[in-house]
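1. Give me a 3D structure for the following:
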Amino acid sequence: MFYPIYRARRIRGKEVFRNMVRETSLSAHDLIYPMFSAFGTGIKKEISSMPGIYQQSIENIVEEAQEAYELGVPAVILFGIPEQKDAMGSDAYSDTGIIQETIRALKKNVPNLAVITDVCMCEYTDHGHCGVIKNGDVDNDETLELLAKEALSHARAGADMVAPSDMMDGRVAAIRESLDNNGYKEIPVMSYAVKYASGYYGPFREAAESTPQFGDRRSYQMDPANRLEAIREARMDVEEGADILMVKPGLPYLDIVREVRNEFNLPLAVYNVSGEYSMVKAAASNGWIDEDRVIMETMLSFKRAGADLILTYHAKEVAKLLKKGYEAANKDRCGCGCR
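-> Numbers count the residues shown, from 1 in each chain. Here you go, the predicted structure:
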């Protein structure tokens, strides 16, 4: 079809038609809000590189989680900042650890909110790596035992879903076996199946206080240059019993999101990571971009690439924009979308 017989602007010209033929939809139900729970009371410390995001003590976590839930965000994912760290990350699997206590508080006070927990060791180890260190590197198989203990402790505390982010080989199978053998067959596993060794994680490491004290994480996180490896990683997690797959980061890896979507029929999540969030905030604070519009375009890009779920620090902002209506977020623009 060619102009003048086909005129694309016939449909674009009216809001009602644009809404009717929109190919990609976005809902607050697609969102998961990451939160950082810190040991202590009266804590609400803004993360300098992530405006609007805080390290918070449990009572403040509960308050903000309630706010997010009332906006329509159905789930949070928790990261912990413990009172003390040690070589084995013992707070990660303690029944009275920071995350375990946060889970209990959330399930008591916001019972219908889905509580997902990050399962990893990096926030809890004094060396900042994602497992047990032997000979200068993370020992894969010994770390699996601790990850399984951590996931089980989260389930016992009342978590609705666990999400291993460590990138150890075999961790989904180890966690699935531990949960099943201890009466938690109903707890789903959302696997960080495809997690790249990325420079986009910098602000998160400030937020979670998880910067490695030596070396880096390239021996267990993926090389950004690799595409086929992503499919192998995802397939391994599917075979080990993952219920949801995840790609992390998001924007630099939309091609990988589409590859995983095309290859597997499990639900697919994408993590709109801290560096992506911080860049939007920095550009908006300088007046270089229309923040609301860029946020919504970013979310739609994830959905268009094939993601079902989006972990994003923008979750509350997106939910508010969706409540106003998508077109309202683009008001004062002409039909072509400009100012």
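
2. Can you tell me the closest non-neighbouring residue to residue 143?
-> residue 131 (3.0 Å; C-beta to C-beta, 6 or more residues apart in numbering). C-beta coordinates here come from the backbone N, C-alpha and C atoms, glycine included.

3. List the contacts of that neighbour.
-> 121, 125, 138-140, 142-143, 146-147, 166, 168, 220 (C-beta atoms under 8 Å, 6 or more residues apart in numbering).

4. Distance of it relative to residue 220?
-> 8 Å (C-beta to C-beta, to the nearest Å).

5. do the same with residue 108
-> For residue 108, the distance to residue 220 - C-beta to C-beta - is 36 Å.

6. What's the end-to-end length of stretch 244-261?
-> With C-alpha to C-alpha, to the nearest Å applied, stretch 244-261 spans 11 Å between its terminal residues.

7. And that stretch, what's buried?
-> For stretch 244-261, a neighbour-count test (16 or more other C-beta atoms under 10 Å) marks 244-251, 253-254, 256-261 as buried.

8. what does stretch 156-171 give?
-> 157-168, 171.

9. Now the element after the helix or strand of the chain with the lowest mean pLDDT, going C-ward?
-> Lowest on mean pLDDT, DSSP states H and E among the helices and strands of the chain sits helix 202-208, with a mean of 74. Next along the chain after helix 202-208, taking DSSP states H and E as the criterion, comes helix 228-240.

10. tell me how far the following helix or strand past that next one is from the chain's mean position?
-> Past helix 228-240, further along toward the C-terminus, the next helix or strand under DSSP H and E is strand 244-248. In terms of C-alpha atoms, centre = their mean, to the nearest Å, the centre of strand 244-248 is set 9 Å apart from its chain centre.

11. And strand 244-248, what does it pack against?
-> strand 190-195, helix 228-240, helix 254-263, strand 268-272 (3 or more C-beta pairs under 8 Å, 6 or more residues apart in numbering; DSSP states H and E).

12. hmm, 6 Å instead?
-> strand 190-195, helix 254-263, strand 268-272 (3 or more C-beta pairs under 6 Å, 6 or more residues apart in numbering; DSSP states H and E).

13. who's in contact with the second one?
-> Outside of helix 254-263, the residues that reach it under the criterion C-beta atoms under 6 Å, 6 or more residues apart in numbering are 194, 230-231, 234, 247, 268, 270, 305-307.

14. Residue 167 reaches residue 223, doesn't it?
-> No: using C-beta atoms under 6 Å, residue 167 is not in contact with residue 223; the gap is 11.8 Å.

15. In the stretch 1-150 of the chain, mark out all the helices, start to finish.
-> 9-12, 15-21, 58-71, 98-109, 140-157 (DSSP state H, counting those that start in this stretch).

16. For residue 256, see how far away residue 225 is.
-> 12 Å.

17. scratch that, residue 6
-> From residue 6 across to residue 256, the span is 34 Å (C-beta to C-beta).

18. export the contacts of helix 254-263 to JSON lines and tack on distance to residue 11 and pLDDT?
-> Compiled in JSON lines, the contacts of helix 254-263 are given as follows (distance: C-beta to C-beta, whole Å; pLDDT from 0 to 100):
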{"residue": "194", "distance to residue 11": "36", "pLDDT": "97"}
{"residue": "230", "distance to residue 11": "36", "pLDDT": "97"}
{"residue": "231", "distance to residue 11": "36", "pLDDT": "98"}
{"residue": "234", "distance to residue 11": "37", "pLDDT": "97"}
{"residue": "247", "distance to residue 11": "32", "pLDDT": "98"}
{"residue": "268", "distance to residue 11": "29", "pLDDT": "98"}
{"residue": "270", "distance to residue 11": "29", "pLDDT": "98"}
{"residue": "305", "distance to residue 11": "23", "pLDDT": "98"}
{"residue": "306", "distance to residue 11": "24", "pLDDT": "98"}
{"residue": "307", "distance to residue 11": "26", "pLDDT": "98"}
